[in-house]
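>>> build me a structure from this.
(2 chains)
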Amino acid sequence: DAGVIQSPRHEVTEMGQEVTLRCKPISGHNSLFWYRQTMMRGLELLIYFNNNVPIDDSGMPEDRFSAKMPNASFSTLKIQPSEPRDSAVYFCASAPRDRGSETQYFGPGTRLLVL
Amino acid sequence: GESVGLHLPTLSVQEGDNSIINCAYSNSASDYFIWYKQESGKGPQFIIDIRSNMDKRQGQRVTVLLNKTVKHLSLQIAATQPGDSAVYFCAENWGSGNTPLVFGKGTRLSVIA
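Take a look at the predicted model:
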C-alpha cells in the first residue's frame, strides 16, 4: 500500500488566495483526520470524518477553513481567503476503524507558506 | 513582539545507550495508547501501541510500559542509534464514542554519535 497520499507537498501563496490541500487515505480505512502543526501550537486536530461524514469540526479555526470528503478515497481542506497565520504543515491521517480512535497513519504533510 | 515557540523537552543520549521517553496522559478512562516518531520534514510514524489491559509490550528495539495507577506511559529504545533522533509523541484514546486520539506535546530525542 502506498500509504496516505497528500498533495501538494509544498505550497507558497499570497495572502487572500484560495488554497486547496488534497488527501487520499489508505484504501479500506474508514476514518480520516486533518491536522495542523506549527511551532507555536504543536499538532492540532482540525476535523475528522467517519465513513465520509464529518464528525467533529470544532478544531477548524474559523469559517475560512472548510473540508470535504466526497468519497472514501479523497478529501480536501480548503482555506479561502488564506492569511499569513495559516502558514503551517497540514497533515492528513487515516484509520482503519469507524471508531476513529485506533491507530492513525499519517501522510507526509503539505507545507504551506502564505506570504 | 517576540514569538515564543513550543518548547519541547529534549533528551540527549549517547549512541548505543538506552533511551527512555516519558509521557503523562490525562484521562484515566483511556484504553489505547500509541507512540509516534516524527523525523524532520516528515509526518508522524507509528512505532508501537498498547491497550490498557496490558502493562508492557515489546517491539523491535522498543518497549512501551503503561502504569495506569499514575497515568504514565514510557517508551524505551534499546541501543539508541543516530536514526532514532526525532520528536516522539504519545497519544491516547479517550475511549468514548468516536473520539479521536489526543496527542501529547512531544519529546525531542537527540542521539550523540
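>>> which stretches of chain B form strands?
Ranges of strands within chain B are B:10-14, B:19-24, B:32-38, B:45-51, B:56-58, B:62-67, B:72-77, B:86-93, B:101-103, B:107-112, based on DSSP state E.
>>> ranking these by mean pLDDT, which is last?
Here the lowest mean pLDDT among these goes to strand B:101-103, at a mean of 86.
>>> in the sheet, which strands lie alongside that one, parallel or antiparallel?
In the sheet, strand B:101-103 lines up against strand B:86-93 (antiparallel) (DSSP bridges).
>>> report the contact partners of the residue nearest in space to the middle of chain A.
What sits nearest the mean C-alpha location of chain A, by Cα atoms, centre = their mean, is A:Trp34, with 3.1 Å. Counting by Cβ atoms under 8 Å, 6 or more residues apart in numbering or on different chains, A:Trp34 touches A:23, A:45-48, A:67, A:75, A:77, A:90-92. (Glycine included, C-beta is placed from N, CA and C.)
>>> could you look up the SS state of it?
Following DSSP: H, G, I helix; E, B strand; the rest coil, A:Trp34 is assigned to strand.
>>> run through the bridge partners of it.
In beta-bridge terms (that is, DSSP bridges), A:Trp34 pairs with A:Ile47, A:Cys92.
>>> how close does it get to A:Ile26?
Distance of A:Trp34 to A:Ile26, given as Cβ to Cβ, to the nearest Å: 15 Å.
>>> and A:Asn30, how many neighbours?
18 (other Cβ atoms under 10 Å in any protein chain shown).
>>> again but with B:His7, I slipped
Count around B:His7 with other Cβ under 10 Å applied: 9.
>>> distance of it relative to chain A?
The gap separating B:His7 from chain A is 10 Å, by Cβ to the nearest Cβ, to the nearest Å.
>>> isn't B:Ile20 up against B:Ala78?
No: checked against Cβ atoms under 8 Å, the pair B:Ile20 and B:Ala78 is beyond contact range at 10.3 Å.
>>> which residues sit in contact with the nearest residue to A:Lys24 once chain neighbours are set aside?
In this structure, A:Lys24 finds its nearest non-sequential neighbour in A:Ile5, 4.2 Å apart by Cβ to Cβ, 6 or more residues apart in numbering or on different chains. By Cβ under 8 Å, 6+ apart, the residues touching A:Ile5 are A:23-24, A:107.
>>> now, those residues that are in helices?
Using DSSP state H, no member of the contacts of A:Ile5 falls in helices.
>>> next up, the contacts around B:Ala86.
Going by Cβ under 8 Å, 6+ apart, the list of residues near B:Ala86 reads B:37-40, B:108-109.
>>> which of those are buried? Put it as a ChimeraX command.
Remark: buried members of the contacts of B:Ala86, expressed as a ChimeraX selection using 16 or more other Cβ atoms under 10 Å in any protein chain shown:
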select /B:37,38,108,109
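>>> and the contacts of B:Ala86, which two are the farthest apart?
The span of the contacts of B:Ala86, defined through Cβ to Cβ, is set by B:Ser40 and B:Leu109 at 12.1 Å.
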